[in-house]
Every structure is written in structure tokens, then in C-alpha cells.
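Visitor: have a look; sequence and predicted model below, questions after that.
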Amino acid sequence: MSLATRLPHVLIAAWLASALAFFALPAGAQDAPAAPNAPAAQNAPAAENAPAAKPAPKEDPGLKDVLNELLSGGEEPLPPAAPQGRRLPFGRAEIQLSFAPLVKETAPAVVNVYASQQARLRSPFEGDPFFERFFGRQGPPRSQSALGSGVLVDPSGIVVTNYHVIRDADEVKVATADGREFGSKVLLKDESLDLAVLKIESDGPFPVIPIGDSDVLEVGDLVLAMGNPFGVGQTTTSGIVSALARTHIGVSDFGFFIQTDAAINPGNSGGALINMTGQLVGINTAIYSRSGGSIGIGFAIPSNIVRAVTEAAKQGSEFFERPFIGATFAPVTAQIAESLGMARPSGALVAAIEPEGPAARAGLKPGDVVLAMNEAAIEHVDALGYRLATKPVGTRASLTVLSHNEEKKVEISLERPPAGSSAKEIMIRGRSPFAGAKVAELSPRLAQRLRLRSDTKGVTIVDIDRNSPAAGFGFQPRDIVREVNGELIDTADKLAAVAEQETRWWRFTVERDGQLLRQMLRY
């Protein structure tokens with residue numbers, strides 16, 4: 001109860017207590033002389049065996065004491081700190097604490113990212129030999145733009161943001177908190193992680209936010225989310241870590257998100273999630289919403305994966321390579337856990353092993369279950385992918401494996417994915433439905449880059465010029481071309497040769513997401 005609420009009640013209670021005490025005293029008690037036979041206390045000899053005197057009862061506080069307590073704020077001593085330095089705020093002084101010093105320290109390193117592209121609309125007359133002669137195959141260009149946020153993580157001007165913010169952008173600009181605007185270059189982008197690394201085209205130094213360790217986060221930790229929601233300007237919201245290791249939220253293939261109730265809205269994408277020591281612990285990437293606004297469920301990419309991607313960009317890599325162990329994994333369902341004698345479903349089930357790969361050399365076999373990596377528990381298959389992605393290529397990892405109802409330790413080397421026999425990429429040109437598509441033969445390295453199974457074989461589309469015939473006919477990166485006009489396609493050179501045929505009729509078979517699509521058209 002506050003001081004304003006308690007004071008009237010206390011004054012009335014004190015007045016009543018004083019009145020009752022006065023009338024309870026016998027008349028003349030204050031002026032009554034001492035009894036004549038009562039010995040003076042100072043002259044009475046102390047009895048040797050007299051019992052100890054009882055302490056005087058504690059008097060009730062008077063009005064003066066009550067008022068003094070109220071005027072002093074009624075504060076009580078602080079309780080002892082909880083383990084690990086975490087405890088609830090206690091007392092008026094702590095409730096009045098502010099995040100302002102932390103925001104002043106970190107806000108200059110949060111930037112706005114503007115991405116723009118020139119998109120050409122497909123003409124409704126495309127493919128018609130008569131109208132195409134007059135109206136062309138493509139409509140007039142139209143400018144499209146996207147707005148997001150980013151975080152400066154290096155004084156030289158390296159910015160981390162989301163991939164979906166700069167997807168297919170022709171130009172990316174970065175605006176700092178002090179109002180300056182710079183052009184930027186995309187150093188690395190990874191669609192599967194929804195991360196991109198930019199380099200500001202200007203000399204530094206720039207303010208930065210140091211990258212922290214996201215693995216030490218716990219549910220309930222205080223965090224701040226910083227970004228530019230709805231383009232209204234830099235905004236800071238506060239909340240807690242609501243959950244860890246969230247999966248299957250439909251944002252990207254990455255499945256190890258931090259969930260927070262700090263308000264995250266459109267435009268916050270790529271912004272910073274920071275802890276109470278001013279360290280970056282996540283990159284805001286998505287919200288769960290049915291209305292387009294924040295309802296207290298936001299997701300961020302852990303900073304440990306951000307650090308790994310940033311280091312790859314600094315080393316000159318155009319895409320992020322994860323360590324290769326030569327095995328594919330599947331979730332452990334309740335039925336599988338029961339059949340293996342496990343108390344509960346957890347871990348990552350070894351589904352397949354590539355011959356002569358690191359997993360095969362380490363002794364892993366299909367049916368084994370990976371329970372932990374470097375003593376960190378693996379609750380599901382996405383957790384194993386996250387742990388592997390944060391480790392550099394060329395190192396070793398210790399796996400705790402359940403094999404034939406026995407747990408054992410397995411040392412496995414983390415290698416670079418093999419490039420295959422032919423790593424060249426060919427751009428298809430000429431007049432064919434495949435013109436404008438860049439194709440290559442699949443290898444474990446390329447399959448990882450395109451988020452395909454490492455053992456997938458064939459000729460795939462790596463990239464597409466968005467203003468090309470291939471884009472107009474609906475081809476997509478990751479499509480695997482299996483057959484064209486009756487010819488089986490097993491090399492990139494063969495697809496390039498078949499695409500140069502002088503014909504207007506095309507029949508082809510494409511594999512997309514495990515399904516075969518057959519098409520026949522006139523072009």
C-alpha cells in the first residue's frame with residue numbers, strides 16, 4: 001500500500017489508540033505518591049538466588065514512530081542476491097531504474113537498411129509472334145523497395161541484417177542513427193539462415209555492438225529489441241526471453257530461434273536483440289501475427305550463428321559453409337524412442353551415412369542417435385544442425401551417441417564439403433526456355449549451398465536472371481533438370497548443348513522439392 005493510501009488510516013488509528021490509552025488509566029495515577037512501605041530500588045540489596053528479571057514487553061509504536069517510518073519511505077533491507085546475480089527488483093529505488101544508459105550506449109550501432117530493385121513485368125503478349133513484335137516480351141520497369149534494420153558489428157563498417165531485407169536488391173543503402181547515409185556492398189547472404197552481411201562503402205570507424213554468447217541465455221532474462229518498425233524511426237522495446245530453441249516457425253530452414261515478448265514489428269527485421277550488458281545476443285527476424293503487428297511473440301537468430309556468418313564474410317566467403325560430416329539425420333519420434341528403449345524422444349537419428357565420409361570413419365551407423373555434442377544436449381535434429389553450424393571447419397567435435405542401447409563417445413572431424421568432379425557453373429544463353437539460368441552439377445558443397453540433401457545428384461539451376469526467359473517460364477533455383485526433349489541430362493555441358501537446339505517445341509522434366517514436374521510448351 002502506498003504512503004498516500006496508508007496515511008489517513010494510520011492517523012485515525014493512532015488517535016483512537018491514544019484516546020483509549022488515556023481513559024484506561026485510573027484517576028490520579030500519574031500524581032499518586034509511592035507506597036510508604038515500598039523500599040527504594042536503589043537501596044534494596046540484590047537477592048543472590050533471585051530469578052532473572054523478565055525483559056519489559058515491547059511497547060507499541062507511537063504516532064511519532066509511525067510517522068517517522070512513513071516519512072522515511074518504509075523501505076526494508078534488501079534481500080540477499082539470488083545465485084548467478086539474478087533476482088527480482090525490490091524496493092522503490094530499484095523500480096525507478098532505467099534502460100536509458102544502455103540504450104545510449106548501443107543505439108548508435110543500429111542502422112536502417114534500404115533495398116531497392118528494378119523489376120520488369122512480363123508482357124501479356126509474350127510468346128505471341130505477332131503482338132510480341134510490337135509490344136515486346138516485357139513490360140515497363142517498376143521500382144520496388146524494402147525497409148529493414150541492421151547492426152554494426154565491426155568498426156570497419158560491417159553490418160548484419162536479414163536476407164529477406166535485401167533479397168534480389170539492385171542497390172542497398174545504410175542510414176546510421178546520426179542521419180548519415182551510405183552505399184553498401186553485399187559480402188555474403190544465406191537464405192537458409194535468413195542472414196546477410198553488408199560492408200558500408202566508407203571509411204570508419206563506426207560504433208559497434210559486441211557479439212555476445214547466446215548459449216548462456218536463459219528463459220526470463222531481460223532483453224531489448226532495437227530497430228525501425230514501420231519506418232517510424234529508431235525504436236527500443238523491452239521484454240524477456242520467452243523461450244529458446246524454437247523450431248518450425250516457417251521463416252527459414254533455420255530451426256533454433258530465440259523467442260521474446262519484446263515488441264517486434266515489420267521494419268524491425270535485422271535489428272538488434274541485446275542483453276543487459278550491452279551485447280548482441282540475437283538478430284530480430286520474424287513475428288507471429290495475424291494482423292501484421294506485434295502480439296508479444298517475436299523471434300531472433302542467436303548471436304553465435306551470427307558470429308560464424310560474420311567471420312566467414314570477413315574471410316572472403318560468398319556464402320556460409322557449414323562443416324560436413326557425411327551423414328543425414330531425422331527427428332526421433334515417440335515411436336522410434338520407444339523402439340530404441342529411450343525414456344523420451346530426443347536427439348538426432350542417423351538416417352544415412354555416406355561411404356568414406358567423416359561419420360563413416362568415426363563409426364556412426366544408421367539407427368544411432370546423437371544425444372549431445374561437446375556436452376551440449378541435442379534435443380532435436382535442428383539443434384544438431386545449429387551446433388554444427390557454429391563450429392569452424394577443420395576442427396573436431398565430441399558426440400555422445402546411443403548405439404544398441406549403449407551410450408558411447410565418438411570423435412568426429414568437421415570437414416569442408418567436397419566440391420565434386422566438376423564445380424563449374426554455366427550460364428545458358430540463346431533462345432530457349434532455359435536462357436538466363438545458371439546451372440551446375442550437384443556436389444555435397446553445392447547441395448549444402450542450395451539446401452538440398454548432400455547425396456542428391458543431377459544438374460541444378462543455381463541462379464536465374466530475373467528478367468530472363470527462364471524466370472518468365474517459372475524456373476527457380478534448386479530446380480533439378482532431369483530431361484529435355486527426350487535427352488537425359490547428367491552434366492551441365494549437356495544441358496547447355498540441348499538448350500541450343502533450333503526448335504520451338506520444348507518438353508522437359510524438372511524435379512522440385514522431391515516432385516517431378518513435366519511440361520510441354522511452344523516457344
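Guide: Received, thanks. Bear in mind the structure is a predicted one, so any value in this text is a computation, not a measurement. Residues are numbered from 1 along each chain as shown.
Visitor: centroid-nearest residue for the protein?
Guide: Taking CA atoms, centre = their mean, the centroid of the chain lies closest to Ile301, which sits 1.7 Å from it.
Visitor: ok, the host helix or strand of it: who's next to it in the sheet?
Guide: Here Ile301 sits within strand 298-302, counting by DSSP states H and E. Strand 298-302 sits in its sheet next to strand 257-260 (antiparallel), strand 280-287 (antiparallel), going by DSSP bridges.
Visitor: low-confidence ranges in the stretch 51-200 of the chain?
Guide: Residues of the stretch 51-200 of the chain meeting the criterion pLDDT under 70: 51-85, 119-144.
Visitor: mind listing the helices for it?
Guide: Secondary structure of the stretch 51-200 of the chain (DSSP state H, counting those that start in this stretch): helices located at 63-71, 91-95, 100-106, 131-135, 163-166.
Visitor: that older thread, pLDDT score for the residue nearest to the centre of the chain?
Guide: As predicted, Ile301 sits at a pLDDT of 92.
Visitor: pretty sure it is touching Ala286, no?
Guide: No - applying CB atoms under 8 Å, one finds Ile301 not in contact with Ala286, separated by 9.3 Å. C-beta here means a position set from N, CA and C on the backbone, and glycine is covered the same way.
Visitor: list residues touching both of these two?
Guide: Residues touching both Ile301 and Ala286 (CB atoms under 8 Å, 6 or more residues apart in numbering) are Phe257.
Visitor: follow-up on the earlier one: which of the strands paired with strand 298-302 sits closest to Arg387?
Guide: Comparison of the strands paired with strand 298-302 against Arg387 by CB to CB identifies strand 257-260 as nearest, at 14.8 Å.
Visitor: identify the residues contacting that closest one?
Guide: Contacts for strand 257-260 (CB under 8 Å, 6+ apart): 214, 217, 223, 225, 239-247, 249, 251, 273, 281-282, 285-286, 297-302.
Visitor: what secondary structure does Thr310 sit in?
Guide: Assigned with DSSP: H, G, I helix; E, B strand; the rest coil, Thr310 falls in the helix class.
Visitor: who's in contact with it?
Guide: 153-154, 158, 160, 197, 211 are the contacts of Thr310 under CB under 8 Å, 6+ apart.
Visitor: what about 7 Å?
Guide: The contact partners of Thr310, taken as CB atoms under 7 Å, 6 or more residues apart in numbering, are 153, 158, 160, 197.
Visitor: which ones are touching the last one?
Guide: Val197 makes contact with 158, 160, 187-188, 309-310, 313 under the criterion CB under 7 Å, 6+ apart.
Visitor: how much space separates Tyr354 from Leu399?
Guide: No, residue 354 isn't Tyr; it's Glu. Computed as CB to CB, to the nearest Å, the Glu354 to Leu399 distance reads 16 Å.
Visitor: who has more neighbours, those two?
Guide: In this view Glu354 and Leu399 are compared by other CB atoms under 10 Å, and Leu399 has more residues nearby, 23 against 17.
Visitor: quick one, phi/psi of that one?
Guide: phi -110, psi 140 (degrees, to the nearest 10).
Visitor: what subset of the contacts of Thr310 is buried?
Guide: 153, 158, 160, 197 (16 or more other CB atoms under 10 Å).
Visitor: which residues does the closest residue to the second one other than its chain neighbours bridge with?
Guide: Read that as Ile158. Once flanking residues are discounted, Ile158 sits nearest to Lys199: 5.8 Å by CB to CB, 6 or more residues apart in numbering. Beta-bridge pairing of Lys199 under DSSP bridges involves Ile158, Lys185.
Visitor: how about Lys199, what does it touch?
Guide: Lys199 makes contacts with 157-158, 184-185, 187, as judged by CB under 7 Å, 6+ apart.
Visitor: highest neighbour count among the residues you listed?
Guide: Compared across the contacts of Lys199, Ser184 has the highest neighbour count, 25 neighbours, by other CB under 10 Å.
Visitor: pretty sure it contacts Leu198?
Guide: Yes - in this structure, Ser184 is within contact of Leu198 by CB atoms under 7 Å, at 4.4 Å.
Visitor: Arg478 contacts Val462, correct?
Guide: No - taking contacts as CB under 7 Å, Arg478 lies outside contact range of Val462: 8.6 Å.
Visitor: more neighbours: which of those two?
Guide: Each of Arg478 and Val462 has its neighbours counted (other CB under 10 Å); Val462 has more, 20 against 16.
Visitor: the more buried one and Glu511: what is the separation?
Guide: Distance of Val462 to Glu511, computed by CB to CB: 15 Å.
Visitor: cool, and Arg86?
Guide: According to CB to CB, Arg86 stands 52 Å off from Glu511.
Visitor: so which of the two has more stuff around it?
Guide: Neighbours were counted for Arg86 and for Glu511 using other CB under 10 Å; Glu511 has more, 17 against 11.
Visitor: am I right that the more buried one is in a strand?
Guide: Yes - assessed by three-state DSSP, Glu511 belongs to a strand.
Visitor: grab the nearest non-local neighbour of it.
Guide: Leaving aside its sequence neighbours, Glu511 sits nearest to Ile480 (CB to CB, 6+ apart; 4.2 Å).
Visitor: now do the contacts for the one you found.
Guide: Under the criterion of CB under 7 Å, 6+ apart, the neighbours of Ile480 are 458-460, 510-511.
Visitor: can you give me the helices for the stretch 401-523 of the chain?
Guide: Here the stretch 401-523 of the chain has its helices, by DSSP H, counting those that start in this stretch, at 444-449, 469-472, 492-498.
Visitor: now the contacts of Thr310 in CSV, with distance to Gly326?
Guide: Output for the contacts of Thr310, formatted as CSV (distance: CB to CB, whole Å):
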residue, distance to Gly326
Val153, 32
Ile158, 33
Val160, 30
Val197, 28
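Visitor: measure Gln476 to Gly220 for me?
Guide: Per CB to CB, Gln476 is found 42 Å from Gly220.
Visitor: with Leu349 instead?
Guide: For Leu349, the distance to Gly220 equals 32 Å [CB to CB].
Visitor: neighbour count: these two, which is higher?
Guide: Leu349 (21 against 9).
Visitor: hang on, the earlier thing: in strands only, show me the contacts of Thr310.
Guide: Within the contacts of Thr310, residues falling in strands by DSSP state E are 153, 158, 160, 197.
Visitor: without its sequence neighbours, what residue ends up closest to the last one?
Guide: This points to Val197. Ala313 (3.9 Å).
Visitor: so who does the one you found touch?
Guide: Ala313 touches 187-188, 197, counting by CB under 7 Å, 6+ apart.
Visitor: list just the nearest of those to Met520.
Guide: Taking CB to CB as the measure, Met520 sits nearest to Leu188 out of these, at 39.5 Å.
Visitor: can I assume that closest one is in contact with Ser317?
Guide: Yes - counting by CB under 7 Å, Leu188 does reach Ser317; the two are 6.1 Å apart.
Visitor: between those two, which one's more packed in?
Guide: Ranked by neighbour count (other CB under 10 Å), Leu188 and Ser317 place Leu188 first, with 22 against 15.
Visitor: any idea how far the more buried one is from Ser346?
Guide: Taking CB to CB, one finds Leu188 at 33 Å from Ser346.
Visitor: make JSON lines out of the contacts of Ala313 and add distance to Ala330.
Guide: Formatted as JSON lines, these follow (distance: CB to CB, whole Å):
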{"residue": "Leu187", "distance to Ala330": "34"}
{"residue": "Leu188", "distance to Ala330": "29"}
{"residue": "Val197", "distance to Ala330": "31"}
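Visitor: please state the offset of the helix or strand encompassing Ala397 from the chain centre?
Guide: Assigned by DSSP H and E, Ala397 belongs to strand 396-403. Its chain's C-alpha centre and that of strand 396-403 lie 26 Å apart, by CA atoms, centre = their mean, to the nearest Å.
Visitor: next, the buried residues of stretch 499-509.
Guide: Buried-residue list, stretch 499-509, by 16+ other CB under 10 Å: 499, 506, 508.
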